[in-house]
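pasting the sequence and the predicted model now:
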Amino acid sequence: PNGRAKPVTPQNWALFLRGARRLRLHESAAQTEELIAGLAQVIPVEPLALLTCDELTEHVCGRQDVDVDLLRRCAIFDSATSGEPTDHFNYLFEALQSFEPELRVQFLKFAFALSRLPSANSSSGLLSWKLTTLVPNHGPWTNTPLTKLQVVDEEQEEEDRRLREQGTPIRRRSSSSSSSRPEKSKVPPTFDNVRVGSKVIAEVDGQKQRCIVTQTHALSDTVDLKVDPDQYAPVAQTCTFTLKIPAYTSVQVAIRQLRRAIVEEGMHLD
């Protein structure tokens with residue numbers, strides 16, 4: 001009693017530590033008893049003693065990290081793919097595996113408006129979600145003349161992207177530059193530099209579109225085109241647990257565009 005008025009000395013410091021520890025351990029005893037009593041109205045509380053603190057936290061709050069394998073098991077792939085994941089769906093899971101845990105949690109918020117996965121160890125712990133292909137609302141186009149094309153310089157685009165990520169100003173080569181590699185965008189399109197799979201800027205439907213060449217026609221100097229899916233970010237419909245993924249051409253593109261959707265442009269929601 002009256003401990004506030006008693007100084008701590010070499011003779012009583014051990015007594016002080018025991019009292020401080022006891023006070024700290026029991027300072028919320030009344031509140032804890034009320035919490036347990038309330039919890040007991042909902043579930044049996046006796047088995048909770050079998051759980052560690054971390055296990056109880058996971059059961060109540062869910063997992064702090066994202067189990068990508070669990071997400072894959074819960075996914076329903078769009079019927080156009082016969083229920084099996086195609087390349088661009090696999091690219092999504094590879095991208096998620098490459099992300100740091102914090103970014104995977106942000107993906108949950110982006111795709112499902114959840115902050116954590118449920119704690120169940122099987123797919124029954126998460127509602128099924130649907131992966132479908134994001135289809136552009138224009139194209140494809142047939143028999144587009146070569147004269148309507150401009151070849152995309154993907155190497156230069158990648159270099160520009162790297163410089164932007166580093167915060168380095170982008171400086172274009174002057175027309176008098178002695179560089180041995182000319183800019184592809186300034187080279188006239190021919191069947192030497194335009195092939196199936198080439199990326200081009202095409203004048204179609206009265207406007208310029210970024211496209212991929214799907215077929216070439218040497219006799220008529222024309223090509224068939226489809227919209228380049230690599231320019232689009234994924235779209236999430238959180239109300240229906242649906243994620244629309246463009247048919248990306250590589251996992252590197254999937255990583256870049258998924259990160260863009262989550263971090264740079266915020267939530268792409270319908």
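Structure received.

looking at it, residue 91 is touching residue 256, isn't it?
No - contact criterion C-beta atoms under 8 Å: residue 91 and residue 256 do not qualify, at 10.8 Å. The way it works is simple: take the backbone N, C-alpha and C, and place the C-beta from them, glycine included.

compare the two (neighbour count), which wins?
The neighbour comparison of residue 91 against residue 256 (other C-beta atoms under 10 Å) goes to residue 91, with 23 against 18.

excluding chain neighbours, what is closest to the more buried one?
residue 254 (3.7 Å; C-beta to C-beta, 6 or more residues apart in numbering).

what's near enough to touch the one you found?
88, 91, 92, 94, 95, 245, 248 (C-beta atoms under 8 Å, 6 or more residues apart in numbering).

element containing it?
Per DSSP states H and E, residue 254 falls inside helix 251-259.

for that helix, buried residues please.
Buried positions in helix 251-259, judged by neighbour count with 16 or more other C-beta atoms under 10 Å: 251, 253, 254, 255, 256, 257, 258, 259.

could you do stretch 154-161 as well?
Residues residue 156 are the ones in stretch 154-161 that count as buried (16+ other C-beta under 10 Å).

export only the CA atoms of that stretch, formatted as PDB.
What follows is stretch 154-161, C-alpha atoms only, in PDB (Å, rounded to 0.1, in the frame of the first residue of the first chain):
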ATOM      1  CA  GLU A 154       9.800  -2.600 -78.600                       C
ATOM      2  CA  GLU A 155      13.400  -2.300 -77.700                       C
ATOM      3  CA  GLN A 156      13.100   1.500 -77.500                       C
ATOM      4  CA  GLU A 157       9.900   1.200 -75.500                       C
ATOM      5  CA  GLU A 158      11.600  -1.200 -73.000                       C
ATOM      6  CA  GLU A 159      14.500   1.200 -72.600                       C
ATOM      7  CA  ASP A 160      12.100   4.200 -72.100                       C
ATOM      8  CA  ARG A 161      10.200   2.200 -69.500                       C
END
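
closest to residue 46 out of the buried residues of helix 251-259?
Within those, the smallest distance to residue 46 is 44.9 Å, found for residue 258 (C-beta to C-beta).

now that closest one: closest residue in space that isn't a chain neighbour?
residue 95 (5.0 Å).

what's the answer for residue 193, then?
residue 151 (5.5 Å).

so how far is residue 227 from the one you found?
17 Å (C-beta to C-beta, to the nearest Å).

which residues does the residue nearest to residue 193 form a beta bridge with?
Under the criterion DSSP bridges, residue 151 forms beta bridges with residue 200.

close enough to count as contact, it and residue 191?
No - using C-beta under 8 Å, residue 151 is not in contact with residue 191; the gap is 11.5 Å.

and the two? Which one has more around it.
residue 151 (20 against 13).

which of the residues in the strand or helix carrying residue 225 are buried?
Assigned by DSSP H and E, residue 225 belongs to strand 222-227. Of all the residues in strand 222-227, those buried under the rule 16+ other C-beta under 10 Å are 222, 223, 224, 225, 226, 227.
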